[in-house]
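Chemist: attaching a predicted model along with its sequence, questions to come.
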Amino acid sequence: MASARLSPTRTLAAHAVLILYTVIALFPVFVIVVNSFKSRRAIFADPLALPWPEHFDLIGYTTVLNQGDFFAYFQNSLIVTTASLFFVLLFGAMAAFALSEYRFRGNTLMGLYLALGIMIPIRLGTVAILQMMVAGGLVNTLTALILVYTAQGLPLAVFILSEFMRTVSDDLKNAGRIDGLSEYAIFFTLVLPLVRPAMATVAVFTMIPIWNDLWFPLILAPSEATKTITLGSQVFIGQFVTNWNAVLAALSLAIVPVLILYLIFSRQLIRGITAGAVK
Amino acid sequence: MAARKPFRWHIPVFLAPAVLVYTAIMIIPLFGTLGQSLFNKGETGADFVGLANFATLFGDPRWSDAFWNALGNNLWFFVVHMLVQNPIGIALAAILSTPRLRMAAFYRTAIFIPTILSFVIVGFVWKLILSPIWGIAPGMLDAVGLKFLFAPWLGKEEYALTTLALISVWQFVGIPMMLIYAALLSIPDEVLEAAEMDGITGASQFWKIKLPLILPSIGIISILTFVGNFNAFDLIYVAQGALAGPDFSTDILGTFLYRTFFGFQLQLGDPYMGSAIAGAMFGIILIGVCIYLFGIQTRLRRYQF
């Protein structure tokens, strides 16, 4: 049916628009990455030139990598993101399972309570969160960040995952019950593997804001030992404001991990959104 | 029949971790902040002052000028997103969902990439591109003979906020695109085939058939944009600093809250007024969400396939 209404001109026009927008979307990234491989003089003389051999220079990367801190920041970001992601997915899936599988008094109310956080941003509680972390001695620890990000990610995770878990066949779960599986075993061995696409969607939507967040690291954990890569590169830009090579190399390195994870999950992403609640 | 079913312990076990963390880190601080906005410094700690902080915020010229300025800027920031980001997102999604379009997955992935970048990178690279000294934009405009159009957009009071809003649009256009794309994919083929039988194809098919069907998704996108915009902070902070220059022309509620709570060069931090600003933001977002939930969402017609 599709072939009848797709004239070549329309297809061509569609490609033209999409290519134009793709160029707009990728151009700034291209500028950063290309210039990070060039010598200082070449950056200023011809910012758009590719790093041909005569301009090619790794001085930016060596500067960054010799700054020992950069690896520490990287490690902090990795710890915070992975740990928060783990807790969001585990706790979120558990709560979503309880809400979608069992009928109990207060079920709907609990669902609404947990969904409240999708609309009201956690940042508005920052004042009290900081006071609480000061009281608990958690300021300048990664634990504080992990706690905050877990709470921040849970509402959306519960919402998306419970929509998905309603689609898991009841027969399968009941078959498990007849075979004598406990409710915990049903959750971990039957349901969790089946909602993997939804978990991937939640993972992307949870991970990106955590990796890129500047607000909470700036407020809760600005010390040298707990800086994340996002805060680290912001400070780095301030310190090395004239060392363009180093700044560009640092930014290129900061793009890599989140880009890799996005490319891994992006196939699952559309599948997750389509089948999920937001359609 | 057994008198009572045994208590199903697994339900609280499944719910407890999420509910505890969420309540302790999100709900309690949120209401703690709202509560604190009713207090102010007294001789012996905090004194209850009722709504006096809000009266100061809205009425006392020392505070209200900055507040209304930030609120107005924030509204403009939101308007730009609604007028530019969402139409572009919908248009891209409509084009992407053309059946049998080659390389659709590539375009989709590429257009979403700015969304995954951190604000630090986004702010830095656009400052670089738009810089009048080193910048790429003046050179590119020069190459096509339009050099006279160039102005230091981020440095001029009248352009800076719009420029930042457009940068933010550039970054986040992937989100409406993805959600609308998913909504368009979920329209069943039978509906579109029926439209074709009636001779409705191409653009008129989009306006008459697809658009009404994706209105609920557009509603969700609008409210997500609203919440996101009134909660924005990072882009302004990395591009213009906490002072939201030039001369506060890019100050929005997020930067205003940050400055008030943590202080800046000219002023000490004030947790009570900071809480009051957070409370005002809470109210604004709540009003917006309520308008959406009760005014818009209930009127949207949903179709079951």
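Modeler: Thanks, I have the structure now.
Chemist: next, count neighbours for the closest residue to B:Gly288 other than its chain neighbours.
Modeler: Leaving aside its sequence neighbours, B:Gly288 sits nearest to B:Phe226 (CB to CB, 6 or more residues apart in numbering or on different chains; 4.8 Å). C-beta coordinates here come from the backbone N, C-alpha and C atoms, glycine included. B:Phe226 has 20 neighbours, counted by other CB atoms under 10 Å in any protein chain shown.
Chemist: am I right that B:Phe226 sits in a helix?
Modeler: Yes - secondary structure of B:Phe226 (DSSP: H, G, I helix; E, B strand; the rest coil): part of a helix.
Chemist: what's next to stretch B:77-93, contact-wise?
Modeler: Residues outside stretch B:77-93 that contact it (CB atoms under 8 Å, 6 or more residues apart in numbering or on different chains) are A:17-18, A:21, B:111, B:161-162, B:164-166, B:168-169, B:172-178, B:180-181, B:183-184, B:214, B:218, B:221-222, B:225-226, B:229-230, B:232, B:252.
Chemist: 7 Å - rerun?
Modeler: With contact meaning CB atoms under 7 Å, 6 or more residues apart in numbering or on different chains, stretch B:77-93 is reached by A:21, B:111, B:161-162, B:165-166, B:168-169, B:172-173, B:176-177, B:180-181, B:184, B:221-222, B:225-226, B:229, B:232, B:252.
Chemist: which of these fall within helices?
Modeler: Secondary structure defined by DSSP state H assigns A:21, B:111, B:161-162, B:165-166, B:168-169, B:172, B:176-177, B:180-181, B:184, B:221-222, B:225-226, B:229 of the contacts of stretch B:77-93 to helices.
Chemist: tell me the contacts of residue 269?
Modeler: Answering for chain A, as no chain was given. Counting by CB under 7 Å, 6+ apart, A:Leu269 touches A:Thr201, A:Val204.
Chemist: if you could check chain B rather than the one you did, that'd help
Modeler: Contacts for B:Gly269 were tallied using CB under 7 Å, 6+ apart; they are B:Phe261, B:Phe262, B:Gly263.
Chemist: go again using 8 Å as the cut-off
Modeler: B:Thr260, B:Phe261, B:Phe262, B:Gly263.
Chemist: what's the span of stretch B:186-205 from first residue to last?
Modeler: This stretch, stretch B:186-205, spans 16 Å end to end (CA to CA, to the nearest Å).
Chemist: I meant stretch A:101-110, not that one.
Modeler: Terminal residues of stretch A:101-110 are spaced 14 Å apart (CA to CA).
Chemist: just stretch A:32-43 next, same as before
Modeler: End-to-end span of stretch A:32-43 (CA to CA): 10 Å.
Chemist: give me the contact list for it.
Modeler: A:47-51, A:54-61, A:244-245, A:248-249, A:251-252, A:255, B:121, B:124-125.
Chemist: report the buried members of those residues.
Modeler: Neighbour counting over the contacts of stretch A:32-43 (16 or more other CB atoms under 10 Å in any protein chain shown) leaves A:47, A:51, A:55, A:57, A:59-61, A:244-245, A:248-249, A:251-252, A:255, B:121, B:124-125 as the buried ones.
Chemist: next step: those restricted to strands.
Modeler: Of the positions in the buried ones among the contacts of stretch A:32-43, not one sits in strands, assigned by DSSP state E.
Chemist: the residue nearest to B:Gly288 contacts B:Leu286, correct?
Modeler: No - with contact defined as CB atoms under 8 Å, B:Phe226 does not count as touching B:Leu286 (11.2 Å).
Chemist: burial of B:Asp247, as a residue count?
Modeler: Close neighbours of B:Asp247, defined as other CB under 10 Å, add up to 11.
Chemist: now for the nearest residue to it once chain neighbours are set aside: which residues touch it?
Modeler: Nearest non-adjacent residue to B:Asp247, counting by CB to CB, 6+ apart: B:Glu157, 5.9 Å away. By CB under 8 Å, 6+ apart, the residues touching B:Glu157 are B:Pro246, B:Asp247, B:Ser249.
Chemist: B:Ala46 sits in which helix or strand?
Modeler: According to DSSP states H and E, B:Ala46 maps onto strand B:45-48.
Chemist: and the helices in the stretch 101-250 of chain A?
Modeler: A:107-119, A:126-135, A:142-165, A:170-178, A:183-185, A:192-194, A:196-212, A:215-220, A:229-239, A:244-275 (DSSP state H, counting those that start in this stretch).
Chemist: now the ones you listed in CSV, with mean pLDDT?
Modeler: Shown next, in CSV, are the helices of the stretch 101-250 of chain A (pLDDT from 0 to 100):
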stretch, mean pLDDT
helix A:107-119, 86
helix A:126-135, 89
helix A:142-165, 91
helix A:170-178, 89
helix A:183-185, 91
helix A:192-194, 86
helix A:196-212, 84
helix A:215-220, 89
helix A:229-239, 81
helix A:244-275, 78
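Chemist: go through the ones you listed and pick out the most buried.
Modeler: With neighbours taken as mean count of other CB atoms under 10 Å in any protein chain shown, those reach their highest mean count in helix A:142-165, at a mean of 25.
Chemist: so what's the residue most central in space within chain B closest to, chain neighbours aside?
Modeler: Closest residue to the average C-alpha location of chain B: B:Gly228 at 2.2 Å, with CA atoms, centre = their mean. Spatial nearest neighbour of B:Gly228, excluding adjacent residues (CB to CB, 6+ apart): B:Phe172 at 7.5 Å.
Chemist: burial check on that neighbour, number of neighbours?
Modeler: 22.
Chemist: so it is in contact with B:Ile113, correct?
Modeler: No - judged on CB under 8 Å, B:Phe172 makes no contact with B:Ile113 at a distance of 11.9 Å.
Chemist: re earlier: from A:Ile118, how far out is the residue nearest to the centre of chain B?
Modeler: Here B:Gly228 is placed at a distance of 12 Å from A:Ile118 (CB to CB, to the nearest Å).
Chemist: what do you get for B:Leu83?
Modeler: 25 Å.
Chemist: and for B:Asp247?
Modeler: 36 Å.
Chemist: again with A:Ser223
Modeler: For A:Ser223, the distance to A:Ile118 (CB to CB) stands at 31 Å.
Chemist: likewise for B:Pro212?
Modeler: In this view, B:Pro212 and A:Ile118 are 26 Å apart by CB to CB.
Chemist: cool, and B:Asn86?
Modeler: Note on B:Asn86: its distance to A:Ile118, by CB to CB, is 19 Å.
Chemist: over to B:Ala55?
Modeler: 32 Å.
Chemist: name the nearest residue to A:Ile229, ignoring sequence neighbours.
Modeler: Nearest non-adjacent residue to A:Ile229, counting by CB to CB, 6+ apart: A:Ser77, 4.2 Å away.
Chemist: flag the shaky bits of the stretch 1-150 of chain A, pLDDT-wise.
Modeler: Along the stretch 1-150 of chain A, segments meeting pLDDT under 70 span A:1-6, A:68.
Chemist: which residues touch A:Ala203?
Modeler: Going by CB under 8 Å, 6+ apart, A:Ala203 touches A:Leu85, A:Leu89, A:Phe265.
Chemist: mind running it again at 10 Å?
Modeler: Residues near A:Ala203 by CB atoms under 10 Å, 6 or more residues apart in numbering or on different chains: A:Leu85, A:Phe86, A:Val88, A:Leu89, A:Gly153, A:Ala157, A:Leu261, A:Ile264, A:Phe265, A:Gln268, A:Leu269, A:Gly272.
Chemist: please give the element, helix or strand, for the closest residue in space to the fifth one that isn't next to it in sequence.
Modeler: Here the nearest residue to A:Gly153 in space, its sequence neighbours aside, is A:Val88; by CB to CB, 6+ apart that works out to 3.7 Å. A:Val88 is part of helix A:69-101, with elements assigned from DSSP H and E.
Chemist: so that helix versus helix A:229-239, what angle?
Modeler: Counting by axes from the mean of the first three to the mean of the last three CA atoms, to 10 degrees, helix A:69-101 lies at 150 degrees to helix A:229-239.
Chemist: tilt between helix A:69-101 and helix A:142-165?
Modeler: Angle, helix A:69-101 to helix A:142-165, by the same axes, to 10 degrees: 40 degrees.
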